[in-house]
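In: Curious how this folds, go ahead:
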Amino acid sequence: MDDLYYSDYIELDKILNCQRPRSFDKMEDGNDEMLFIIIHQAYELWFKQILFELDLVRNIFIQERINENTPDMSNVVHKLKRIVKILELLNQQVSVLETMTALDFLEFRNYLLPASGFQSKQFRLIEAKLGLKMEERHKKEYYKSTRRGSLSENDMQEVTRVESESTLKQLIVKWLERMPFFEEQYWVEYKTADESNGNKFWTEYRRVYSAGLSAGEGGRLVEFDAVFFKDGRGDLSPKAMQAALFITLYRDLPIFQLPFELLNTLSEIDELLSNWRYRHFSMVRRMIGVRAGTGGTSGAGYLEGTLSQHYAFREITEVATFLIERSKLPSLPNVLKEKVSFNV
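Out: You can find the predicted model right below:
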């Protein structure tokens with residue numbers, strides 16, 4: 001058997017021969033189209049890795065129960081943090097593309113029509129697997145359209161199929177809802193100033209939270225009651241929101257450290273995707289002003305609209321709205337402390 005050679009292993013010839021600029025034939029007559037192609041090919045390779053990591057994470061959360069005595073939760077956090085690092089790299093990569101000026105782009109822009117980054121199936125799959133809902137997207141009518149410049153029929157079918165699967169967000173919600181911290185057996189010995197409410201911890205927490213609100217935050221208590229006792233927030237039920245807040249509050253307890261890292265990393269992913277969209281929006285505005293995008297969208301206007309709407313884990317990030325000072329955290333009953341320890 002022949003020795004494995006580096007370029008054969010990574011199929012380097014295929015990679016290096018798949019750049020085919022349309023605006024020039026001879027390299028000496030070239031322009032920035034080569035840079036444009038390579039940057040976007042690199043994006044798609046990293047998108048493929050993100051999808052690979054997301055599927056591994058989703059496969060862990062699909063289980064009915066995650067055993068805290070296995071490496072599952074550690075692996076989940078590790079994979080998600082890898083996605084964070086990839087997204088940081090993608091944000092940095094925009095800086096390389098920004099070395100191209102608006103006049104440089106105009107040299108080959110018309111050769112791209114009607115192709116567009118909007119047609120990136122892999123990026124749509126990332127959004128879908130994270131849990132970004134179609135009805136919550138900016139200009140949602142763009143996405144399922146068969147117009148020129150939209151996704152091909154085959155790509156659209158694949159994205160639609162993935163949207164029907166369990167998203168990471170849905171799996172995280174189910175995981176949060178399974179947490180048993182508020183079962184009555186753990187709170188029998190817990191004493192509060194008001195014993196009339198059966199949910200002793202939340203009665204006490206609500207009192208402390210209310211006392212810390214400023215004069216201009218009167219509506220926050222009504223919001224607190226709605227989020228944690230009635231309606232939940234967005235896709236998170238009241239039970240899931242309670243668990244997310246509880247993990248955030250008591251993150252210093254050993255058993256909550258990895259769950260908190262998980263929730264915090266989901267917020268980081270949202271933030272970095274938002275940063276990437278902002279960098280993309282700023283670059284497009286600099287390159288083409290307010291002209292339409294090559295794929296037929298409104299260009300920079302469309303991208304600007306996605307900045308405020310395209311968040312998968314907004315509810316988890318907004319748990320910070322309902323925090324209190326660490327020094328005022330209610331002390332947990334002993335029986336619950338034993339439950340959340342690593343003692344078997």
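In: Quick check: chain neighbours aside, which residue is closest to E88?
Out: Nearest non-adjacent residue to E88, counting by CB to CB, 6 or more residues apart in numbering: L272, 6.4 Å away. No exception for glycine: its C-beta is placed from N, CA and C like everyone else's.
In: What of K337?
Out: Counting by CB to CB, 6+ apart, the residue nearest K337 is L253, at 8.0 Å.
In: Then A240?
Out: Per CB to CB, 6+ apart, closest to A240 is L176, 4.0 Å.
In: contacting residues around the residue nearest to K337?
Out: Taking CB atoms under 8 Å, 6 or more residues apart in numbering, we find L253 in contact with 337, 340-341.
In: my guess is E158 meets L125, correct?
Out: Yes. Using CB atoms under 8 Å, E158 makes contact with L125 at a distance of 7.3 Å.
In: who's more crowded, those two?
Out: A direct count of neighbours by other CB atoms under 10 Å for E158 and L125 places L125 higher, at 21 against 15.
In: can you tell me which residues contact the more buried one?
Out: 47, 51, 158-159, 162.
In: Let me know the distance separating it from D155.
Out: 9 Å (CB to CB, to the nearest Å).
In: swap in E261?
Out: Counting by CB to CB - E261 and D155 are separated by 34 Å.
In: Those two: which is more packed in?
Out: Higher neighbour count among E261 and D155: E261, with 19 against 16, using other CB under 10 Å.
In: where in the stretch 101-250 of the chain is pLDDT low?
Out: Within the stretch 101-250 of the chain, the segments meeting pLDDT under 70 span 134-147, 192-198.
In: can you do 80?
Out: Scanning the stretch 101-250 of the chain for pLDDT under 80 picks out the ranges 117-118, 133-150, 183-186, 188-199, 218.
In: what ranges do the helices span in it?
Out: Remark: helices assigned in the stretch 101-250 of the chain by DSSP state H, counting those that start in this stretch are 102-106, 109-112, 121-130, 153-163, 168-177, 200-211, 219-225, 238-249.
In: among those, which is nearest I10?
Out: Counting by CB to CB, I10 lies closest to helix 121-130 out of the helices of the stretch 101-250 of the chain; the figure is 19.5 Å.
In: what's the angle from that closest one to helix 153-163?
Out: Here helix 121-130 runs at an angle of 20 degrees relative to helix 153-163 (axes from the mean of the first three to the mean of the last three CA atoms, to 10 degrees).
In: And for F201, the neighbour number?
Out: By other CB under 10 Å, 20 other residues sit near F201.
In: list the contacts for it?
Out: By CB under 8 Å, 6+ apart, F201 lies in contact with 182, 187, 190, 330.
In: same deal with L273?
Out: 87, 310.
In: ok, D13 to Q93 distance?
Out: Distance from D13 to Q93, by CB to CB: 24 Å.
In: more crowded one of these two?
Out: Between D13 and Q93, Q93 has the larger neighbour count (other CB under 10 Å), namely 17 against 10.
In: follow-up on the earlier one: mind telling me the two of the contacts of F201 farthest from one another?
Out: Spatially, the most separated pair among those is F182 and P330, at 12.8 Å (CB to CB).
In: quick one, what contacts the closest residue to R286 other than its chain neighbours?
Out: Nearest non-adjacent residue to R286, counting by CB to CB, 6+ apart: A102, 6.4 Å away. A102 sits next to 286-288 when contact means CB under 8 Å, 6+ apart.
In: For H310, which non-adjacent residue is spatially closest?
Out: Once flanking residues are discounted, H310 sits nearest to L132: 5.9 Å by CB to CB, 6+ apart.
In: Go through this protein and flag its longest helix.
Out: In the chain, taking DSSP state H as the definition, the longest helix is helix 254-288.
In: about what we covered before: looking at the contacts of L125, spot the one nearest G117.
Out: Comparing these against G117 with CB to CB places F47 closest, at 11.1 Å.
In: Over to that closest one. Which of the three states is it?
Out: helix (DSSP: H, G, I helix; E, B strand; the rest coil).
In: Could you double-check that it sits in contact with S120?
Out: Yes. Between F47 and S120 there is a contact at 7.1 Å, judged by CB under 8 Å.
In: Around L54, how many other residues sit close by?
Out: Around L54 there are 20 residues (other CB under 10 Å).
In: That one in helix, strand or coil?
Out: Per three-state DSSP, L54 ends up helix.
In: Quick one: residues contacting it.
Out: For L54, the contacting residues are 79, 83, 126, 129-130, 168, by CB under 8 Å, 6+ apart.
In: Can you tell me which of these is nearest D29?
Out: Set against D29, the nearest of the contacts of L54 by CB to CB is I126 (36.5 Å).
In: surely that closest one meets F47?
Out: Yes. Counting by CB under 8 Å, I126 touches F47, with 6.2 Å between them.
In: For stretch 35-46, list every residue counted as buried.
Out: Residues 35-37, 43, 46 are the ones in stretch 35-46 that count as buried (16 or more other CB atoms under 10 Å).
In: Which of the residues you listed fall in helices?
Out: Restricting these to those inside helices, with DSSP H as the criterion, leaves 35-37, 43, 46.
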